[in-house]
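Q: I would like to see how this sequence folds:
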Amino acid sequence: MGGFALAYLIVLVVVFPVGGQPEDARVPNVLGLTFDEAATRLTAAGFRAQQGESRFNVGSPKSTVLTETPGPTTTVAKSTRIVMDVSAGQRRINVPNVIGMEREAAQLALEKVGLEVGTVAEHESPLPRGEVMTTTPVAGTPLILPSSVAFVVSAGPATIEVPYLVGRSFGEARAALEQVGLTAQTASLDTASTEPEGTVTSQSPAEGTAMGAGAAVALTISRGLHSP
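A: This is a model prediction of the structure:
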(Lines give C-alpha, C1' and ligand atoms only; values in the text may rest on other atoms or scores of the structure.)
Protein backbone atom coordinates (compact mmCIF):
# COMPACT_ATOMS: atom_id res chain seq x y z
CA MET A 1 0.00 0.00 0.00
CA GLY A 2 2.86 2.34 0.83
CA GLY A 3 4.42 1.71 -2.56
CA PHE A 4 1.14 2.37 -4.36
CA ALA A 5 0.65 5.67 -2.54
CA LEU A 6 4.17 6.74 -3.41
CA ALA A 7 3.65 5.88 -7.06
CA TYR A 8 0.37 7.89 -7.11
CA LEU A 9 2.11 10.94 -5.69
CA ILE A 10 4.85 10.67 -8.32
CA VAL A 11 2.23 10.57 -11.09
CA LEU A 12 0.50 13.64 -9.67
CA VAL A 13 3.75 15.60 -9.52
CA VAL A 14 5.27 14.44 -12.81
CA VAL A 15 2.25 13.94 -15.08
CA PHE A 16 0.07 16.67 -13.56
CA PRO A 17 2.60 19.17 -12.19
CA VAL A 18 1.49 21.97 -9.93
CA GLY A 19 0.34 24.90 -12.05
CA GLY A 20 -0.47 22.70 -15.02
CA GLN A 21 -4.18 23.55 -14.73
CA PRO A 22 -5.21 27.17 -14.13
CA GLU A 23 -6.59 27.90 -10.71
CA ASP A 24 -10.17 29.16 -10.35
CA ALA A 25 -10.80 32.53 -8.73
CA ARG A 26 -13.63 34.98 -8.18
CA VAL A 27 -13.75 37.95 -10.57
CA PRO A 28 -13.33 41.22 -8.65
CA ASN A 29 -16.09 43.80 -8.92
CA VAL A 30 -14.54 46.70 -10.86
CA LEU A 31 -17.75 48.47 -11.90
CA GLY A 32 -17.48 52.23 -11.44
CA LEU A 33 -13.67 52.26 -11.49
CA THR A 34 -11.68 53.84 -14.30
CA PHE A 35 -10.47 51.35 -16.89
CA ASP A 36 -6.85 51.68 -15.72
CA GLU A 37 -7.79 51.09 -12.08
CA ALA A 38 -9.94 48.12 -13.05
CA ALA A 39 -7.20 46.62 -15.22
CA THR A 40 -4.70 46.90 -12.36
CA ARG A 41 -7.05 45.17 -9.94
CA LEU A 42 -7.92 42.38 -12.39
CA THR A 43 -4.28 41.78 -13.25
CA ALA A 44 -3.40 41.52 -9.55
CA ALA A 45 -6.14 38.90 -9.18
CA GLY A 46 -4.67 36.86 -12.03
CA PHE A 47 -7.01 37.88 -14.86
CA ARG A 48 -6.43 39.67 -18.17
CA ALA A 49 -8.19 42.97 -18.82
CA GLN A 50 -9.62 43.98 -22.19
CA GLN A 51 -11.59 47.08 -23.16
CA GLY A 52 -14.88 46.44 -24.94
CA GLU A 53 -17.36 49.01 -26.24
CA SER A 54 -17.24 52.72 -25.44
CA ARG A 55 -20.62 54.45 -25.23
CA PHE A 56 -22.07 57.73 -24.01
CA ASN A 57 -23.48 57.65 -20.49
CA VAL A 58 -25.12 60.53 -18.66
CA GLY A 59 -24.17 59.56 -15.12
CA SER A 60 -20.66 58.15 -15.61
CA PRO A 61 -17.43 60.09 -16.28
CA LYS A 62 -15.34 59.16 -19.28
CA SER A 63 -13.46 55.79 -19.04
CA THR A 64 -15.61 54.55 -16.13
CA VAL A 65 -16.30 50.80 -16.31
CA LEU A 66 -19.99 50.20 -17.05
CA THR A 67 -20.04 46.41 -17.44
CA GLU A 68 -17.64 43.50 -17.07
CA THR A 69 -17.88 40.06 -18.68
CA PRO A 70 -17.69 37.55 -17.01
CA GLY A 71 -19.61 39.39 -14.36
CA PRO A 72 -18.34 40.42 -10.93
CA THR A 73 -18.09 37.66 -8.28
CA THR A 74 -18.26 34.98 -11.00
CA THR A 75 -15.82 32.13 -10.36
CA VAL A 76 -13.71 31.38 -13.44
CA ALA A 77 -10.22 30.19 -14.27
CA LYS A 78 -7.41 32.62 -13.67
CA SER A 79 -5.95 34.19 -16.81
CA THR A 80 -9.50 34.47 -18.20
CA ARG A 81 -9.96 37.62 -20.28
CA ILE A 82 -12.35 40.09 -18.59
CA VAL A 83 -13.98 42.40 -21.14
CA MET A 84 -15.09 45.79 -19.83
CA ASP A 85 -17.40 48.27 -21.57
CA VAL A 86 -16.55 51.83 -20.60
CA SER A 87 -18.25 55.23 -20.63
CA ALA A 88 -17.44 57.68 -23.40
CA GLY A 89 -18.61 60.43 -21.09
CA GLN A 90 -21.61 62.68 -21.45
CA ARG A 91 -22.74 63.53 -24.96
CA ARG A 92 -23.02 67.29 -25.50
CA ILE A 93 -24.73 69.25 -28.27
CA ASN A 94 -25.08 72.96 -28.97
CA VAL A 95 -28.62 74.33 -29.24
CA PRO A 96 -29.29 75.04 -32.94
CA ASN A 97 -30.65 78.41 -34.05
CA VAL A 98 -34.36 77.97 -34.83
CA ILE A 99 -35.38 81.63 -34.51
CA GLY A 100 -37.59 82.62 -37.45
CA MET A 101 -38.61 79.05 -38.25
CA GLU A 102 -42.17 77.80 -38.20
CA ARG A 103 -43.01 75.78 -35.10
CA GLU A 104 -42.99 72.39 -36.89
CA ALA A 105 -39.68 73.10 -38.64
CA ALA A 106 -38.09 74.17 -35.35
CA GLN A 107 -39.25 70.98 -33.64
CA LEU A 108 -37.72 68.84 -36.41
CA ALA A 109 -34.43 70.76 -36.20
CA LEU A 110 -34.18 70.14 -32.45
CA GLU A 111 -35.09 66.46 -32.68
CA LYS A 112 -32.58 65.94 -35.49
CA VAL A 113 -29.68 66.71 -33.12
CA GLY A 114 -31.14 64.65 -30.26
CA LEU A 115 -32.84 67.40 -28.27
CA GLU A 116 -36.42 67.27 -27.04
CA VAL A 117 -39.03 70.02 -27.33
CA GLY A 118 -39.98 71.51 -23.99
CA THR A 119 -42.76 73.99 -23.24
CA VAL A 120 -44.08 75.93 -26.23
CA ALA A 121 -45.71 79.28 -25.40
CA GLU A 122 -47.45 81.83 -27.62
CA HIS A 123 -47.02 85.60 -27.33
CA GLU A 124 -48.70 88.32 -29.35
CA SER A 125 -46.34 89.98 -31.82
CA PRO A 126 -46.32 91.54 -35.29
CA LEU A 127 -44.51 88.45 -36.57
CA PRO A 128 -46.43 85.82 -38.56
CA ARG A 129 -48.41 83.40 -36.44
CA GLY A 130 -46.40 80.29 -35.46
CA GLU A 131 -42.95 81.82 -36.05
CA VAL A 132 -40.35 81.04 -33.36
CA MET A 133 -39.36 84.20 -31.47
CA THR A 134 -37.07 82.96 -28.67
CA THR A 135 -35.63 79.74 -27.27
CA THR A 136 -34.56 78.71 -23.77
CA PRO A 137 -31.63 78.01 -23.63
CA VAL A 138 -30.51 80.34 -26.42
CA ALA A 139 -28.86 79.13 -29.62
CA GLY A 140 -25.27 77.96 -29.14
CA THR A 141 -25.70 76.85 -25.52
CA PRO A 142 -24.02 73.45 -24.93
CA LEU A 143 -26.38 70.88 -23.39
CA ILE A 144 -25.85 67.37 -22.08
CA LEU A 145 -28.16 64.87 -23.75
CA PRO A 146 -30.90 64.13 -23.03
CA SER A 147 -32.09 67.75 -22.64
CA SER A 148 -35.03 69.82 -23.84
CA VAL A 149 -35.40 73.27 -25.37
CA ALA A 150 -38.44 75.48 -24.75
CA PHE A 151 -39.47 78.14 -27.22
CA VAL A 152 -41.93 80.97 -27.72
CA VAL A 153 -43.85 81.36 -30.97
CA SER A 154 -45.76 84.33 -32.28
CA ALA A 155 -49.51 84.31 -31.78
CA GLY A 156 -49.76 87.12 -34.30
CA PRO A 157 -50.74 90.70 -33.49
CA ALA A 158 -53.45 91.44 -30.94
CA THR A 159 -55.46 93.26 -33.62
CA ILE A 160 -55.29 93.03 -37.39
CA GLU A 161 -56.20 95.69 -39.91
CA VAL A 162 -58.61 94.48 -42.56
CA PRO A 163 -57.03 94.76 -46.04
CA TYR A 164 -58.81 96.20 -49.09
CA LEU A 165 -60.42 93.32 -50.93
CA VAL A 166 -62.88 94.83 -53.43
CA GLY A 167 -62.10 93.88 -57.01
CA ARG A 168 -60.36 90.63 -56.11
CA SER A 169 -61.73 87.18 -56.77
CA PHE A 170 -63.23 85.45 -53.76
CA GLY A 171 -60.32 82.99 -53.70
CA GLU A 172 -57.73 85.78 -53.74
CA ALA A 173 -59.57 87.69 -51.02
CA ARG A 174 -59.81 84.62 -48.80
CA ALA A 175 -56.08 83.91 -49.20
CA ALA A 176 -55.23 87.53 -48.34
CA LEU A 177 -57.32 87.36 -45.18
CA GLU A 178 -55.86 84.03 -44.05
CA GLN A 179 -52.35 85.36 -44.59
CA VAL A 180 -52.90 88.07 -41.97
CA GLY A 181 -54.85 85.83 -39.57
CA LEU A 182 -58.47 86.60 -40.55
CA THR A 183 -61.13 84.48 -42.23
CA ALA A 184 -63.50 85.07 -45.13
CA GLN A 185 -67.24 84.72 -45.03
CA THR A 186 -69.59 85.04 -48.02
CA ALA A 187 -72.31 87.52 -47.06
CA SER A 188 -74.42 87.65 -50.19
CA LEU A 189 -74.49 87.67 -53.97
CA ASP A 190 -74.50 90.99 -55.81
CA THR A 191 -77.00 90.43 -58.61
CA ALA A 192 -76.65 93.97 -59.97
CA SER A 193 -72.89 93.90 -60.48
CA THR A 194 -71.42 93.67 -63.96
CA GLU A 195 -68.11 92.39 -62.57
CA PRO A 196 -67.06 88.82 -63.44
CA GLU A 197 -68.69 86.11 -61.37
CA GLY A 198 -67.05 85.65 -57.97
CA THR A 199 -65.52 89.13 -57.80
CA VAL A 200 -65.70 90.88 -54.44
CA THR A 201 -67.89 93.99 -54.79
CA SER A 202 -68.04 95.02 -51.11
CA GLN A 203 -66.70 94.01 -47.72
CA SER A 204 -67.68 94.39 -44.09
CA PRO A 205 -65.95 95.71 -42.09
CA ALA A 206 -64.19 98.20 -44.34
CA GLU A 207 -60.49 98.43 -45.10
CA GLY A 208 -58.37 99.51 -42.13
CA THR A 209 -60.78 98.25 -39.46
CA ALA A 210 -58.96 96.63 -36.51
CA MET A 211 -60.16 93.09 -35.74
CA GLY A 212 -59.06 90.30 -33.46
CA ALA A 213 -57.11 87.36 -34.88
CA GLY A 214 -59.39 84.77 -36.44
CA ALA A 215 -62.30 87.19 -36.95
CA ALA A 216 -64.41 86.88 -40.09
CA VAL A 217 -64.77 89.48 -42.83
CA ALA A 218 -68.06 89.34 -44.74
CA LEU A 219 -67.65 89.55 -48.50
CA THR A 220 -70.28 90.30 -51.14
CA ILE A 221 -69.46 88.77 -54.49
CA SER A 222 -70.72 89.36 -57.97
CA ARG A 223 -73.22 86.94 -59.38
CA GLY A 224 -72.00 87.83 -62.83
CA LEU A 225 -74.01 88.46 -65.96
CA HIS A 226 -76.50 85.73 -66.72
CA SER A 227 -78.79 85.43 -69.72
CA PRO A 228 -82.44 86.08 -68.84
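Q: and residue 120, how many neighbours?
A: Residue 120 sits with 13 neighbouring residues when counted by other Cβ atoms under 10 Å. Using the backbone N, CA and C atoms, a C-beta is placed for each residue, glycine as well.
Q: Can you verify it is assigned to a helix?
A: No - using DSSP: H, G, I helix; E, B strand; the rest coil, the assignment for residue 120 is strand, not a helix.
Q: doesn't residue 151 make contact with it?
A: Yes - counting by Cβ atoms under 8 Å, residue 151 is a contact partner of residue 120 at 6.0 Å.
Q: Relative to residue 66, how far out is residue 165?
A: 66 Å (Cβ to Cβ, to the nearest Å).
Q: and the residue nearest to residue 123 when sequence neighbours are not counted, helix, strand or coil?
A: Residue nearest to residue 123 in three dimensions, not counting chain neighbours: residue 152, with 5.5 Å by Cβ to Cβ, 6 or more residues apart in numbering. Secondary structure, three-state DSSP: residue 152 is strand.
Q: got the contact list for stretch 42-53?
A: The set of residues external to stretch 42-53 that reach it, using Cβ atoms under 8 Å, 6 or more residues apart in numbering, is 23, 25, 27-28, 30, 35, 38-39, 67, 69, 78-86.
Q: end to end, how far does it reach?
A: Taking Cα to Cα, to the nearest Å, stretch 42-53 runs 18 Å from one end to the other.
Q: Which positions in that stretch come out as buried?
A: 42, 47, 49 (16 or more other Cβ atoms under 10 Å).
Q: swap in stretch 205-218?
A: 211, 213, 215, 217.
Q: Minimum pLDDT in those residues, which residue is that?
A: In terms of pLDDT, the lowest of the buried residues of stretch 205-218 is residue 213, showing 80.
Q: How about the contacts made by that one?
A: 129, 155-160, 181-182.
Q: just residue 91 next, same as before
A: So residue 91 contacts 56, 114, 144-145 (Cβ under 8 Å, 6+ apart).
Q: Hmm, residue 71 and residue 31 touching each other?
A: No - using Cβ under 8 Å, residue 31 is not in contact with residue 71, being 9.2 Å away.
Q: Comparing those two, which shows the higher neighbour count?
A: Per other Cβ under 10 Å, whichever of residue 31 and residue 71 has more neighbours is residue 31, with 15 against 12.
Q: where does the more buried one land on pLDDT?
A: As predicted, residue 31 sits at a pLDDT of 95.
Q: Over to the one 3 residues further on?
A: Note for residue 34: predicted pLDDT of 94.
Q: Kindly provide the distance from it to residue 59.
A: 15 Å.
Q: Looking at those two, which has the bigger crowd around it?
A: residue 34 (16 against 8).
Q: Please name the nearest non-neighbouring residue to the more buried one.
A: Here the residue nearest residue 34, using Cβ to Cβ, 6+ apart, is residue 63, at 5.0 Å.
Q: Does the one you found touch residue 35 like I think?
A: Yes - Residue 63 lies in contact with residue 35 (Cβ under 8 Å); the separation is 5.0 Å.
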